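Peer 1: Below is the structure, and that's it, no one-letter string:
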């Protein structure tokens with residue numbers, strides 16, 4: 001049986017996680033959740049990892065929760081469904097949000113349900129022009145329970161979020177780019193090239209500074225309520241980063257008119 005997901009680390013420190021059941025549009029079964037949890041948990045926090053890329057194999061990104069999980073929840077239609085630890089699945093998605101290095105979702109074809117939850121938790125998203133996004137849960141009289149709701153509201157605003165959630169409309173990539181969810185939309189044939197370009201940019205960022213920046217942004221994603229605690233945290237981070245090798249490298253690179261080579265030190 002083909003593995004549901006796999007991960008590999010290259011010599012640049014880029015950890016690529018690939019959902020790998022293309023014949024079923026890469027659904028999220030128990031094994032896929034296990035790999036995602038390991039990748040964005042323990043592996044992403046390993047020294048030397050500079051970015052994490054999430055992809056789907058074949059013609060689609062992700063078709064959402066595997067049907068076997070949905071049937072298990074529903075008890076095969078007899079109303080005696082088994083409890084699935086939703087907090088465990090939510091925790092896995094949350095680990096993408098809180099990953100200390102830049103995360104990039106590369107999306108083509110179908111991005112449905114749980115797939116939308118995964119891509120919303122990533123920092124950056126590049127999509128092919130054939131990509132489409134659907135929140136399917138209302139078609140099953142069900143509620144999204146993987147952090148979809150607050151992340152979707154954060155990205156598109158209340159009215160658009162309700163539109164997607166209420167009606168389970170199929171939203172094309174161009175619309176998601178216009179709404180500010182997707183960073184770039186490219187022709188399908190150019191997706192790998194665009195992904196490589198964004199990946200290189202992510203891997204070149206200063207690791208320590210990114211690891212300190214992301215929690216500050218998550219604490220106030222709308223940028224509307226800078227508290228005294230956040231100001232104190234920012235000042236503490238600045239004092240720490242001013243004494244790092246990466247800060248000195250950034251200054252030297254600027255003076256020498258070259259690209260910096262950050263070491264995470």
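Peer 2: Thanks, I have it. Everything quoted here is computed from the prediction, not taken from an experiment.
Peer 1: how about the strands of this protein, start to end?
Peer 2: Assigned by DSSP state E, the chain shows strands spanning 5-9, 14-19, 51-56, 103-107, 110-112, 124-128, 132-134, 171-172, 184-186.
Peer 1: May I see those arranged in CSV, with distance to residue 162 and mean pLDDT as well?
Peer 2: To be clear about C-beta, it is placed using only N, CA and C from the backbone, and glycine gets the same treatment. Shown next, in CSV, are those (distance: least, CB to CB, whole Å; pLDDT from 0 to 100):
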stretch, distance to residue 162, mean pLDDT
strand 5-9, 32, 97
strand 14-19, 28, 98
strand 51-56, 26, 98
strand 103-107, 23, 98
strand 110-112, 18, 97
strand 124-128, 21, 98
strand 132-134, 15, 97
strand 171-172, 13, 98
strand 184-186, 24, 98
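Peer 1: so which of the ones you listed comes closest to residue 206?
Peer 2: Proximity to residue 206, assessed across the strands of the chain by CB to CB, is greatest for strand 51-56 (12.2 Å).
Peer 1: what pLDDT does the spatially most central residue of the chain get?
Peer 2: The residue lying closest to the centre of the chain (CA atoms, centre = their mean) is residue 122, at 2.0 Å. At residue 122, the pLDDT value in this model is 97.
Peer 1: again with residue 246
Peer 2: Among the per-residue scores, residue 246 shows a pLDDT of 80.
Peer 1: can you list the domains in the protein?
Peer 2: Domain ranges of the chain: 5-203, 207-256, per automatic domain parsing.
Peer 1: check contacts around the residue nearest to the centre of the chain.
Peer 2: 54, 96, 103, 104, 105 (CB atoms under 8 Å, 6 or more residues apart in numbering).
Peer 1: Residue 109 too?
Peer 2: Contacts of residue 109 (CB under 8 Å, 6+ apart): 25, 56, 58, 59, 60, 61, 128, 130, 131, 132.
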